[in-house]
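Novice: the sequence and its predicted three-dimensional model are supplied below.
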Amino acid sequence: MSVSVKMKEGVERSSLVRRMFEAGMVLAAEVGRENVYDFSLGNPNMAPPPAFQEALIRQAALELPGKHGYMANAGLPEVRELTAAALSREQGLPVPAESLIMTCGAGGALNVIFKTILNPGDRVLVSRPYFMEYDFYVDNHGGLLESLPATPDFEPDLGELEKRLSGKTAAVLINSPNNPTGAVYGEGTLRALGDLLRQKSREAGRVIYLISDEPYRKIVFDGITVPPVFPYYENSIIATSYSKNLSIPGERIGYLAVNPRAEFFADLTAGAVLANRILGFVNAPALMQRITGEIAGVSVDPGVYQKKRDCLCAALEEQGWEFKRPQGTFYLFPKAPGGDDLGVIEALRRERILAVPGRGFGLPGYFRLAFCVSDQTIQASLPSFKRAKAALAQGG
Ligand SMILES: Cc1ncc(COP(=O)(O)O)c(C=O)c1O
């Protein structure tokens, strides 16, 4: 056998996204890349903020001993200090540098967290729809991801959660602002979730962690802020990155932060430092650490995405597509007319629009549009959306 059974299965499972990517390439070859309206990828089109570019130039020119060398697996102490200060302001409580471990993006942070907390067969609960790499991240470390229905507003359904929390549950995973729905969970939800997890942990005789994956925290609209998680549940861990809020996903920089009030704080941070090392990350990229430390608190202007959201949503609403306006991220998650998400994707493709079916997020019957594209792409695509909608209404 050429590769492991698990990887063979994994390649099969992720073939949906691959097939879509290939279909997009074929379409681009047929009609020219500029004539394809590609809403399939969460790859920000915005340039990083000027402060990033300036810090990059300054940091690149600095002469420091051991500048490109290995370092402590948790990251550069001064960067952890600066990042912890910014996180303290955001969470509204003091977070020490020891809480933070610099990682290779939020994906790296989640893998480190799961490696640290999971025993074989442990369950991690998440609401549908969700970012489907989570299945792999949990499985990588011997756990099992279980998904459950969300509320109609795409918030975690605490009633469903209560039924599913058990002695086998190691963690509940939340993602707000959410990919793919753009929902931001309210403070009341987080407070009630914290209370529920505290009660269920007591009953189960084990700590059930709350893992908050929040790489889109800074991309929110209409002046809202994303409520912090640390005040509402002590056994919580944040996974985040600069991929979206600085528009640098290829640079692979982020961090995890353990709640300073976590019951097993010392075990968690020591385990995560070891996991960062033995997963082969060793440490997060040095240059990117220095830059993000220097400009801690800076992010892209969410107003730019808000304008795109407003433009796309107004036009699609008028055309009769149904959806909840996203409160954050750069994703829109409309209902598939007739409930057939694959049919909608095909109708859109015929109009040269690329999108991802809801089943790619564990929820058929919807589809995702990533509007981190140029204003021109959005404008030019609108007649195509209209034609696709009309074709679907005629059953084709
Ligand atoms: C919800 C969510 N979590 C995690 C990630 C991974 O982010 P990173 O590039 O920082 O690893 C993504 C990337 O799209 C995401 O959408």
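Specialist: Perfect, thanks for sending it. Numbers count the residues shown, from 1 in each chain.

Novice: test my guess that residue 49 contacts residue 298.
Specialist: Yes - the criterion here is Cβ atoms under 8 Å, and residue 49 meets it with residue 298 at 5.7 Å. For every residue, glycine as well, the C-beta is placed using N, CA and C.

Novice: need the overlap of contacts for these two.
Specialist: Common contacts of residue 49 and residue 298, defined by Cβ atoms under 8 Å, 6 or more residues apart in numbering, comprise residue 246.

Novice: report all helices and strands that the helix or strand containing residue 8 contacts.
Specialist: Applying DSSP states H and E as the criterion places residue 8 in helix 5-13. If you count contacts as 3 or more Cβ pairs under 8 Å, 6 or more residues apart in numbering; DSSP states H and E, helix 5-13 packs onto helix 133-139.

Novice: which other helices and strands contact the helix or strand that the helix it packs on is followed by?
Specialist: Per DSSP H and E, the first helix or strand lying C-terminal to helix 133-139 is strand 144-148. Here strand 144-148 touches strand 123-127, helix 133-139, helix 158-164, going by 3+ Cβ pairs under 8 Å, 6+ apart.

Novice: what's the most buried one of those?
Specialist: strand 123-127 (a mean of 24; mean count of other Cβ atoms under 10 Å).

Novice: how about residues contacting that strand?
Specialist: With Cβ under 8 Å, 6+ apart as the test, strand 123-127 has contacts from 114, 118, 134, 138, 143-150, 154-157, 161, 164-166, 168-175, 211.

Novice: make a PyMOL selection of the buried ones in the residues you listed.
Specialist: Restricted to buried positions by 16 or more other Cβ atoms under 10 Å, the PyMOL selection for the contacts of strand 123-127 reads:
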select buried, resi 114+118+134+138+143+145+147+148+150+154+155+156+157+161+164+165+169+170+171+172+173+174+175+211
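
Novice: what bridges to the residue in the stretch 251-396 of the chain positioned nearest to the ligand?
Specialist: Taking Cβ to the nearest ligand atom, the ligand has its nearest neighbour within the stretch 251-396 of the chain at residue 254, 4.9 Å off. Going by DSSP bridges, residue 254 is paired in beta bridges with residue 103, residue 241.

Novice: what sits against it?
Specialist: Taking Cβ under 8 Å, 6+ apart as the criterion, residue 254 is in contact with 102-106, 108-109, 215, 239-243, 284.

Novice: out of the residues you listed, which are close to the ligand?
Specialist: The overlap between those and the neighbours of the ligand (Cβ under 6 Å from any ligand atom) comes to 105-106, 215, 241, 243.

Novice: closest to residue 277 among those?
Specialist: residue 105 (16.6 Å; Cβ to Cβ).

Novice: which residues does that closest one contact?
Specialist: 215, 241, 243, 249, 252-254.

Novice: what do you get for residue 328?
Specialist: 176-178, 182-184, 216, 219-221, 224, 226, 302.

Novice: out of these, who's near the ligand?
Specialist: Among those, proximity to the ligand is found for none (Cβ under 6 Å from any ligand atom).

Novice: list only buried entries from those.
Specialist: Counted by 16+ other Cβ under 10 Å, these give 176-178, 182-184, 216, 219-221, 226, 302 as buried.

Novice: strands - which of those residues land there?
Specialist: Among the buried ones among the contacts of residue 328, no member falls in strands (criterion: DSSP state E).

Novice: ok, the residue nearest to residue 262 when sequence neighbours are not counted to the ligand distance?
Specialist: Closest residue to residue 262 apart from its sequence neighbours, by Cβ to Cβ, 6 or more residues apart in numbering: residue 235 at 5.3 Å. Noted for residue 235: a distance of 20 Å to the ligand, by Cβ to the nearest ligand atom, to the nearest Å.
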